[in-house]
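S.K.: fold the following for me, if possible:
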Amino acid sequence: MDETLRILNLENERQRESLRSFLSRFSFTLDEVDFAVVLLDHGEIVASCCKQRNVLKFFAIDPLYQNQGLSQKLLTEVTYRMFEEGYDHSFVFTPLSNRWIFKSLGYDEVATSDEVVLLEKGPETIVEYIRRIDESYGLSDKENGAIVMNGNPFTLGHQYLIETAAKYVQQLLIFVVEEEASTFPFHDRFRMFQEGTKHLNNVILIPSGRYIISQATFPNYFLRDLQNSFAIYATLDVTIFGKWFKKLNITKRFVGEEPLDPMTNQYNETMKKILPDYGIELVVIPRVSNEQGIISASIVRRLLKEDKWDEAKKYVPSSTFEYLRNANEVIAELKKHDRKH
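M.R.: As a prediction, the model looks like this:
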């Protein structure tokens, strides 16, 4: 084997296309990656490993070149790059057939679907994370309901869903999506939730961490592209919630009815299918409307982009509107480009 290790220039369309072509042989569809390393034999890619931030993806080796020690070479290169970028915790998405390769390298299994497995390696695994959350908030002594929300921004629709769900359970846990992939930064969104729910004494706000709708567990949520991989990522994300967050004595998960967004609707259907296997009931609450129609964060963002402040005010609590009036930098960024969530 004329072995050459190469870090690809992902801005070079020819190199990107060669990687895309190689991955297609393994039924992979290349999505967002920020680093890619390949092994070449006489100029042809025979093995690859990529990453997006601290998530390893697209680990693939041509069957003719397996059992030749190539795994370690690829993983060493990608792991070193993550270390250089300051990551001490990593995830890997890989087909089930590669599970034992990563387990032998010290990775712990987080969840599996029919096709892929998500593993992790780092100082705090999901076992320690769940234990820490439980101890920090004292969750396991009550029957808990849960909602996962982004709040980009926090609207009257979010508030209505929380108020309604809070009537069903002793304690309601709101996991606010922590991933910084939305127009409004996490600390601002979390503050909006605090202000918009402070009248409810059985609601606990919790940062979602790396295990709920994050770039690690569910990158397509932020890409918003109807690819085949969406179903895989959705299944993994919901399985993680059922398998691990059930340990927080969560018996119900609440969602808003989704008549507008096909991807969110598909995600809700995935929850409806999987969560009962873990003893969690999915409760769908009808969306609230105002005189203009259904309330949604995307409508609020559109109105803000168009400087229609009086109309936007009808969709959000007064606390959110007060924040928006002082969020000049965020609004300016919103007007440049919008994200799906």
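S.K.: hey, let's count contacts and neighbours off CA atoms from now on
M.R.: Noted.
S.K.: now do the buried residues in whichever helix or strand residue 237 is part of.
M.R.: Secondary-structure assignment from DSSP states H and E places residue 237 in helix 229-244. Residues of helix 229-244 classed as buried under the neighbour-count rule (16 or more other Cα atoms under 10 Å) are 229-242, 244.
S.K.: likewise stretch 121-128?
M.R.: 121, 125-126.
S.K.: who touches that stretch?
M.R.: 88-91, 106-108, 110, 211, 244 (Cα atoms under 8 Å, 6 or more residues apart in numbering).
S.K.: give me the mean pLDDT for that stretch.
M.R.: Mean pLDDT, computed over stretch 121-128, is 94.
S.K.: could you work out the end-to-end span of it for me?
M.R.: 12 Å (Cα to Cα, to the nearest Å).
S.K.: distance from the chain centre to it, please.
M.R.: 17 Å (Cα atoms, centre = their mean, to the nearest Å).
S.K.: count the residues that sit near residue 142.
M.R.: 14 (other Cα atoms under 10 Å).
S.K.: again, but for the one 10 residues further on
M.R.: Using other Cα under 10 Å, the number of residues around residue 152 comes to 23.
S.K.: do the same with residue 279
M.R.: Residues near residue 279, counting by other Cα under 10 Å: 15.
S.K.: who does the closest residue to residue 194 other than its chain neighbours form a beta bridge with?
M.R.: Nearest residue to residue 194, sequence neighbours excluded (Cα to Cα, 6 or more residues apart in numbering): residue 205, at 7.4 Å. Taking DSSP bridges as the rule, residue 205 bridges to residue 174.
S.K.: residues contacting residue 320?
M.R.: 153-155, 192, 195-196.
S.K.: got CSV for these, with pLDDT too?
M.R.: Converted to CSV, the contacts of residue 320 look like this (pLDDT from 0 to 100):
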residue, pLDDT
153, 95
154, 97
155, 96
192, 97
195, 97
196, 97
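S.K.: can I get those residues in TSV with neighbour count and secondary structure?
M.R.: TSV is the format used below for those (neighbours: other Cα atoms under 10 Å; DSSP: H, G, I helix; E, B strand; the rest coil):
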residue	neighbour count	secondary structure
153	27	coil
154	28	coil
155	26	coil
192	23	helix
195	15	helix
196	21	helix
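S.K.: follow-up on the earlier one: from the buried residues of stretch 121-128, which land in strands?
M.R.: residue 121 (DSSP state E).
S.K.: out of the buried residues of stretch 121-128, flag the one nearest to residue 60.
M.R.: Distance to residue 60 across these (Cα to Cα) is lowest for residue 121, with 19.3 Å.
S.K.: which residue packs closest to that closest one, ignoring adjacent ones?
M.R.: Once flanking residues are discounted, residue 121 sits nearest to residue 107: 4.8 Å by Cα to Cα, 6+ apart.
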